[in-house]
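> give me a model of this one.
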Amino acid sequence: MRVLVTGSAGFIGFHLCRRLIALGHEVVGLDGMTPYYDPALKRARHAELLTSRHFQAHEIMLEDEGALSRLIGDTRADAVIHLAAQAGVRYSIESPRSYVDSNIIGTFNLLEALRISPTGHFLMASTSSVYGANAMPFAEKDHTDHPLSFYAATKRATEAMAHSYAHLWTQPTSVLRFFTVYGPWGRPDMALFKFTRAILEGHPIDIYNNGQMQRDFTYIDDCIEGIIRLLPLPPQASTETNGSPAAPWRVINVAGGRSVELNAYIKAIEVATGRTAIRNHLPMQPGETQATLAATDELEKLTGFLPRTSLEDGVRAFVDWYRSFYKL
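Prediction:
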C-alpha cells in the first residue's frame, strides 16, 4: 500500500511513518517544518525515516495549494492520513490566525486536492478538545458545539468540512480524536517534555489549578496501533453508531479510557528521572479543559484493541529517550 502522511515530521506522524515502513508500506511524507517548536527535532525525525528506501519526504506547507495538489496527484496514494496541524490550546490564544491558516485553509486545500485525485481512505486527526464543556466520558455521538479554545474550534470546523466532502464526493473518511498522546520523540510544548526538561535542569515546573486536572493519557505506541488497525477501508455506507446517515464518514476516539490526575503524572516523571520537582502553582489557564476521559467502546468494537501501556512505563520510556537524545 502507498500511504501519504501529512505532518510526517511531527510527533505522531513520525511514529506512524516508522510503523508503516516496518509493515512494508511505501510512505510519502509531507511536512512544512514550521518553527512553532524547534525544527531541528522535526528534521531529526525525518532523518531517521529517510534511512529507509520506502520513505520519501516533501517539505510543503498545506497553505501552498498548488504544490499540495501536485503532490497528491503525483502520489496517487491508497490512503491519506492527515496529521499536519497547528496544535496547542494556549498558543491559539496568542496566535489564532496561524490556526485558521494551517488547520482550516490547509485542510480545505487538502480536501480539494483529494476531490480532484481521490484516495481509497482519508483519515484525519482531530482532538479530545472538541468535546469542550461536555460531561464525561466523551463519546463520539456527543454533540460538540461548545469548544473552550480556538484550537478546538478550528479542529471541529475541519471535522465538519471533511463530512461535507465525504457526502459530496463519496470519499471514505475517518476522523480520529486523539487524547493527550505522549511518549518518545514528543512535542517540546507538551507537559511531559517541559516537565522532564525542567526537573532534570533543576528549574520549577508550572502546575495549573494546583494539579487538580485530569487527562486521558495515550501512549504513542498505543495511538499508532489504533491508527494502523483503522487504516483498512471502511464500509461505503456507515452503519456505525458514530457514523453518518449521509456519507461514508465516521469518528473514533483513540484513547486509553482512563483519566489520570496531573499530580500522578508528575510523580511518574519524578520516579523516572530520580529527581523531585520544584512546583510553581498557578491558576487555571483560559481555554483549558479541567478533565478528559474517552469512551472507547467504538475503538474496541472496530479494532479489537484498547491501549494498555501503563503511565509509569510510558513516562519512563520518554525520559530514557530524552536523556539519550540530548546526551544527558
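> need the contact list for residue 10.
31, 42, 45, 83, 84, 187 (C-beta atoms under 8 Å, 6 or more residues apart in numbering). Using the backbone N, CA and C atoms, a C-beta is placed for each residue, glycine as well.
> equivalent analysis for residue 191, please.
Here residue 191 is in contact with 262, 265 (C-beta under 8 Å, 6+ apart).
> over to residue 219?
By C-beta under 8 Å, 6+ apart, the neighbours of residue 219 are 181, 182, 183, 256, 307, 309, 313, 314, 317.
> I figured the first one was touching residue 224, is that so?
No: in this structure residue 181 lies outside contact range of residue 224 using C-beta atoms under 8 Å: 9.2 Å.
> spell out which residues are contacts of both of the two.
Jointly contacting residue 181 and residue 224 under the rule C-beta under 8 Å, 6+ apart are residue 12.
> on that earlier part again, show me which of the contacts of residue 10 are buried.
31, 42, 45, 83, 84, 187 (16 or more other C-beta atoms under 10 Å).
> can you flag which of the residues you listed belong to strands?
residue 31 (DSSP state E).
> tabulate the buried ones among the contacts of residue 10 (CSV), appending distance to residue 69.
Shown next, in CSV, are the buried ones among the contacts of residue 10 (distance: C-beta to C-beta, whole Å):
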residue, distance to residue 69
31, 17
42, 23
45, 25
83, 19
84, 15
187, 28
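> between the buried ones among the contacts of residue 10, which sits nearest residue 157?
Using C-beta to C-beta, residue 84 is the member of those that lies nearest residue 157, at 15.5 Å.
> so what's the closest one up against?
Residue 84 neighbours (C-beta under 8 Å, 6+ apart): 6, 7, 10, 13, 30, 31, 32, 62, 102, 106.
> make TSV out of those residues and add distance to residue 218 and pLDDT.
As requested, the contacts of residue 84 are exported to TSV (distance: C-beta to C-beta, whole Å; pLDDT from 0 to 100):
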residue	distance to residue 218	pLDDT
6	20	98
7	17	98
10	15	98
13	15	98
30	24	98
31	22	98
32	25	97
62	24	97
102	23	97
106	24	98
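> just the buried members of these?
By 16+ other C-beta under 10 Å, the contacts of residue 84 give 6, 7, 10, 13, 30, 31, 32, 62, 102, 106 as buried.
> domains for this protein, by residue range?
2-179+219-254, 191-215+258-293+304-325 (automatic domain parsing).
> how about the helices in the chain?
Under the criterion DSSP state H, helices of the chain are mapped to 11-22, 39-49, 65-75, 91-94, 96-99, 106-116, 150-169, 191-201, 220-230, 262-273, 297-303, 311-325.
> could you pull up the mean pLDDT of the second one?
Here helix 39-49 scores 98 as its mean pLDDT.
> buried sites along stretch 70-89?
Buried, per 16+ other C-beta under 10 Å, within stretch 70-89: 71-72, 75, 77-89.
> helices or strands up against the lowest-mean-pLDDT helix or strand in the chain?
In the chain, the helix or strand scored least confidently by mean pLDDT, DSSP states H and E is helix 91-94, which has a mean of 92. Secondary-structure packing of helix 91-94 (3 or more C-beta pairs under 8 Å, 6 or more residues apart in numbering; DSSP states H and E): helix 150-169.
> all set now, cheers.
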